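pasting a predicted model and its sequence here:
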Number of protein chains: 2
Amino acid sequence: MTRRTTIYDIAKELDITAASVSRALNNNPKISESTRKLVLETAAKMNYKQNRLALALRSGKSNNVGVIVPRIDSNFFASIIRGIEEELYSVGYHIIICQTHEDAKIESDNINTLLNAQVDGILMSISNVINENNDIMKRVVDKNVPLIFFDRKKHIDGVSSVTIDDFEGGYLATKQLIDEGCNRIAHFTGDQSLEIFQNRTKGYKKALEDNGILFDSNYVFQIKSNVDAGRLAIEKLLSLENPPDALFSTSDFAALGAIQVLKEKGITIPEEFCVFGFGNEPFTKFMELSISSVDQSPLEMGKMAAKVFLEQINNNENLKIEKKVILKPELHIRKSSSRNSNLR
Amino acid sequence: MTRRTTIYDIAKELDITAASVSRALNNNPKISESTRKLVLETAAKMNYKQNRLALALRSGKSNNVGVIVPRIDSNFFASIIRGIEEELYSVGYHIIICQTHEDAKIESDNINTLLNAQVDGILMSISNVINENNDIMKRVVDKNVPLIFFDRKKHIDGVSSVTIDDFEGGYLATKQLIDEGCNRIAHFTGDQSLEIFQNRTKGYKKALEDNGILFDSNYVFQIKSNVDAGRLAIEKLLSLENPPDALFSTSDFAALGAIQVLKEKGITIPEEFCVFGFGNEPFTKFMELSISSVDQSPLEMGKMAAKVFLEQINNNENLKIEKKVILKPELHIRKSSSRNSNLR
DNA sequence: TCAGTATATGTAATCGATTACGCAAACATA
DNA sequence: TATGTTTGCGTAATCGATTACATATACTGA
């Protein structure tokens, strides 16, 4: 195992100093063309590779960005990460992944560790908690480390965000159910400390209101995003004296759980009951009874978050920008909510 | 924005030298208890955090490991990454993600960039190519950077690997189909330059042989891992004069495509046709007609790969170890291949 | 020819931490 | 008391690259 080539090795080889080598390699004008050529050739010959750690120490920039998500093994977050990686890799950034498992303590740990590793920016989706960790996030901003929220955000001065229009997603999904003739529309939502769920629920309510349907709080369940939670909640809904005839779930998994129970009880979908999910998880289109869902274009969201980060980095240091990007949600209308057409 | 505290700041505060501060912080015995106590207190008070970049430059260790996968937005790879992250985060490593998109050029780029970023190890699943990139992988080994393959591997001296027993997975899945009474079993496999697909196919053949069923190459298709490829291939199979009565697919997605076509043609599953997939993708258990599949325990695989990396790191530098871990595959037998029992 | 300017290169500090080496004081031993 | 051994701490080099500043050389024009 041979030691890697440094600029000092090149300097010695050519009997010049490391400073000149550095200048030659960095397109510094204060170097003669002949020397530059010689250095470049020798560098190639000696297989020189810039030591990023040395550069990082001197410049204070690591060329790494941290990405914090609740978990990585979900299609949604994985797709976002893919988008971020694809956008940033080509401009020389590496991404470091951290998972919070929705735990505020781990989340603040993650932030601290990333700051300590001197990442050049942090892109994150916050975990399910109210007002915790605000101080540490402010510390990130104070340190002039770009902080960008995607999907799950909260308001903190100086923090940009990329989200979809959850209100519109909720509105459109509910509207589609109404258009199919449903008027007793149940709703599964998530942790109301998160704006995304608040907004989807607001969209749901507004759609009801705009169409003259009275909001009924008995139809609304705040549940976790998994199949069993959906099963449990639909059971309760079906035991109401006036059970619903449709469901808008902010989670595809909970929607699936509901569908399972409905079928077990012999309730036909979409004829007797329509279902709309949220997230456009891969399985929604694979089902024999494909599930309608709101797509959040996670790939796009990741790319956009990366772009916002790059803008922020390339901005004048002292000019704090706070950009809010809101992507449009896209309805994928499938069998579970299509009484009229014949969709595959 | 205040500058971060360094050991020099602490030294100045206490009127000692940075060397002493460093010794105090690192449990070096060559320091008095009183000084150590003073330093620790002052460090805490001044909110000192070790600068990992400086440490990295001096030690040549970045405390980062690189993880290279074909793509991150697949449940399988995302789960592996999750396992790796969970195992390594607690011991102070960060993981850097790269995607190859199955492209050999990008793969070698990734390796080079990671080496250049001085990662302390590389954990990867190789892309779909024969014998390319062997040289660069050997270079990784030469540089004494631990290299660990997971799932998709090839033989390179000094490289450890963590895989599942693909042969057994193929064998058991095929055997199960035979046990259900099928004897014209078709097979979808993948790129034969990858050991995983070779081995699954070998397992398939051996199961046929052990059960007195003649191997028929007309029943074997080498296809991509997606729904449409599965649809296309099953069409061809069904047009054979003696069409198969079962399918063992090394891809859950292709299995799904096949199932779609079979149902469209009115062929009942599992009564007339049994299907076994591979990968245990989340959707396989969500389907109304749930799909039998071989589980590869990706989370476990990721954790194991991380453990092998740690072993390698903590080993005597000069002692090259090459560890091969083979995990047991686990059958998840579901409706698509269960004629006899009533599974959900 | 000589001052003035450009151009190319070298010198040395810097980023922050670790550590081999050396020295002084304190203590032990005969 | 003289000598040897610990103990605790400072000095300075090191990791590899960048860059402000200094300096030497070449070139310009009157």
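Looks like it arrived, so ask away.

and the gap between A:G277 and A:G170?
Distance, A:G277 to A:G170, using CB to CB, to the nearest Å: 12 Å. All C-beta spots, glycine's among them, are computed from the backbone N, C-alpha and C.

name the residues contacting each of these two.
Here A:G277 and A:G170 share the contacting residues A:V294, scored by CB atoms under 8 Å, 6 or more residues apart in numbering or on different chains.

secondary structure element holding the residue nearest to A:L331 when sequence neighbours are not counted?
The shortest distance from A:L331 to any non-neighbouring residue, by CB to CB, 6 or more residues apart in numbering or on different chains, is to A:L172 (5.5 Å). Here A:L172 is covered by helix A:166-179, with elements defined by DSSP states H and E.

counting neighbours, which bits of that helix end up buried?
A:166-178 (16 or more other CB atoms under 10 Å in any protein chain shown).

helix or strand right after that helix?
Heading C-terminal from helix A:166-179 (DSSP H and E), you reach strand A:185-189.

contacting residues around that following strand?
Taking CB under 8 Å, 6+ apart as the rule, strand A:185-189 contacts A:174, A:177-178, A:197, A:200-201, A:204, A:208, A:213, A:219-223, A:229-230, A:233-234, A:237, A:244-251, A:254-255, A:258.

same question for stretch A:146-165.
Contacts for stretch A:146-165 (CB under 8 Å, 6+ apart): A:76, A:80, A:120-127, A:134, A:137-138, A:140-141, A:194-196, A:199, A:296-298, A:301-302, A:304-305, A:308-309, A:312-313, A:320-329.

let's see stretch A:204-212 as PDB, backbone CA atoms only.
Output in PDB follows, covering the C-alpha atoms of stretch A:204-212 (Å, rounded to 0.1, in the frame of the first residue of the first chain):
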ATOM      1  CA  TYR A 204     -60.900  17.800   3.600                       C
ATOM      2  CA  LYS A 205     -63.100  20.200   5.600                       C
ATOM      3  CA  LYS A 206     -63.100  22.900   3.000                       C
ATOM      4  CA  ALA A 207     -64.200  20.500   0.300                       C
ATOM      5  CA  LEU A 208     -67.100  19.300   2.500                       C
ATOM      6  CA  GLU A 209     -68.100  22.900   3.200                       C
ATOM      7  CA  ASP A 210     -67.900  24.000  -0.400                       C
ATOM      8  CA  ASN A 211     -70.200  21.200  -1.300                       C
ATOM      9  CA  GLY A 212     -72.700  21.700   1.400                       C
END
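
spell out which residues of the stretch 51-200 of chain A are next to chain B.
Selection of the stretch 51-200 of chain A residues close to chain B by CB under 8 Å from any CB of the partner chain yields A:51-54, A:56-57, A:60, A:62-64, A:71-75, A:78-79, A:81-82, A:85-86, A:89, A:94-99, A:113, A:115-118, A:142-144.

show me what contacts A:I31?
A:20, A:23-24.

which of those residues are close to DNA strand D?
A:R23 (CB under 7 Å from any atom of the strand).

which one of the contacts of A:I31 is nearest DNA strand D?
Relative to DNA strand D, the closest of the contacts of A:I31 is A:R23; by CB to the nearest atom of the strand it sits at 5.3 Å.

distance of the residue nearest to the closest one when sequence neighbours are not counted relative to A:V69?
Residue nearest to A:R23 in three dimensions, not counting chain neighbours: A:I31, with 4.3 Å by CB to CB, 6+ apart. Using CB to CB, we find A:I31 at a distance of 45 Å from A:V69.

surely A:V227 and A:A255 touch.
No - counting by CB atoms under 8 Å, A:V227 stays clear of A:A255, with 9.2 Å between them.

compare neighbour counts for those two and give me the winner.
Between A:V227 and A:A255, counted using other CB atoms under 10 Å in any protein chain shown, the more crowded position is A:A255 (29 against 21).

run through the residues of the stretch 51-200 of chain A sitting next to DNA strand C.
Neighbours of DNA strand C within the stretch 51-200 of chain A, by CB under 7 Å from any atom of the strand: A:54, A:57-58, A:60.

what's the separation between A:Y204 and chain B?
25 Å (CB to the nearest CB, to the nearest Å).

what's the pLDDT at that residue?
pLDDT for A:Y204: 98.

tell me the buried residues in the strand or helix carrying it?
For A:Y204, the host element (DSSP H and E) is helix A:195-210. Going by neighbour count (16+ other CB under 10 Å), the buried part of helix A:195-210 is A:195-201, A:203-208.

in the stretch 201-344 of chain A, which residue sits closest to chain B?
A:F283 (3.8 Å; CB to the nearest CB).

does that residue count as helix, strand or coil?
helix (DSSP: H, G, I helix; E, B strand; the rest coil).

is it true that it touches B:P282?
Yes - A:F283 is in contact with B:P282 according to CB under 8 Å; the separation is 6.2 Å.

between these two, who's got more neighbours?
A:F283 (23 against 18).

nearest residue to the more buried one other than its sequence neighbours?
Going by CB to CB, 6+ apart, A:F283 has B:F283 as its nearest residue, at 3.8 Å.

ok, the one you found - contacts?
Taking CB under 8 Å, 6+ apart as the test, what B:F283 contacts is A:282-283, A:286-287, B:252, B:256, B:291.

helices - which of those land there?
Members of these lying in helices (criterion: DSSP state H): A:282-283, A:286, B:252, B:256.

tell me which of these is nearest to B:E271?
B:L256 (18.6 Å; CB to CB).

the closest one - how many residues pack around it?
26.

what about the residue in the stretch 51-200 of chain A that DNA strand C sits nearest to, which SS state?
Minimum separation of the stretch 51-200 of chain A from DNA strand C (CB to the nearest atom of the strand) falls at A:R58, amounting to 3.3 Å. Three-state call for A:R58 (three-state DSSP): helix.

likewise A:C98?
strand.

domain ranges for chain A?
A:7-50, A:61-164+A:298-326, A:166-296+A:331-337 (automatic domain parsing).

and the contacts of stretch A:17-27?
With contact meaning CB under 8 Å, 6+ apart, stretch A:17-27 is reached by A:6-8, A:10-11, A:14, A:28, A:30-31, A:35-36, A:38-40, A:43, A:50.

if we can go back for a sec, for PyMOL, what selects the buried ones among the contacts of stretch A:146-165?
Listed next is the PyMOL selection for buried residues among those, using 16+ other CB under 10 Å:
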select buried, chain A and resi 76+80+120+121+122+123+124+125+126+127+137+140+141+194+195+196+199+296+297+298+301+302+304+305+308+309+312+313+325+327+329
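
among the contacts of stretch A:146-165, which are located in strands?
Judged by DSSP state E, these include A:121-124, A:324-327 as members of strands.

mind listing what's buried in stretch A:222-238?
Those would be A:223-225, A:227, A:229-234, A:237-238, for stretch A:222-238 by 16+ other CB under 10 Å.

what about that stretch, distance to the chain center?
25 Å (CA atoms, centre = their mean, to the nearest Å).

contacting residues for A:T6?
The contact partners of A:T6, taken as CB under 8 Å, 6+ apart, are A:18, A:48, A:51.

now render those as TSV, adding neighbour count and secondary structure.
Output for the contacts of A:T6, formatted as TSV (neighbours: other CB atoms under 10 Å in any protein chain shown; DSSP: H, G, I helix; E, B strand; the rest coil):
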residue	neighbour count	secondary structure
A:A18	14	helix
A:Y48	19	coil
A:N51	18	coil
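
was I right about A:A78 contacting B:A78?
Yes - between A:A78 and B:A78 there is a contact under CB under 8 Å: 4.4 Å.

need the overlap of contacts for the two.
A:72, B:72.

give me phi/psi at the closest residue to A:L208 other than its chain neighbours?
What sits nearest to A:L208 in space, not counting adjacent residues and going by CB to CB, 6+ apart, is A:F215, at 5.4 Å. Backbone torsions for A:F215, taken as degrees, to the nearest 10, come to phi -70, psi 130.
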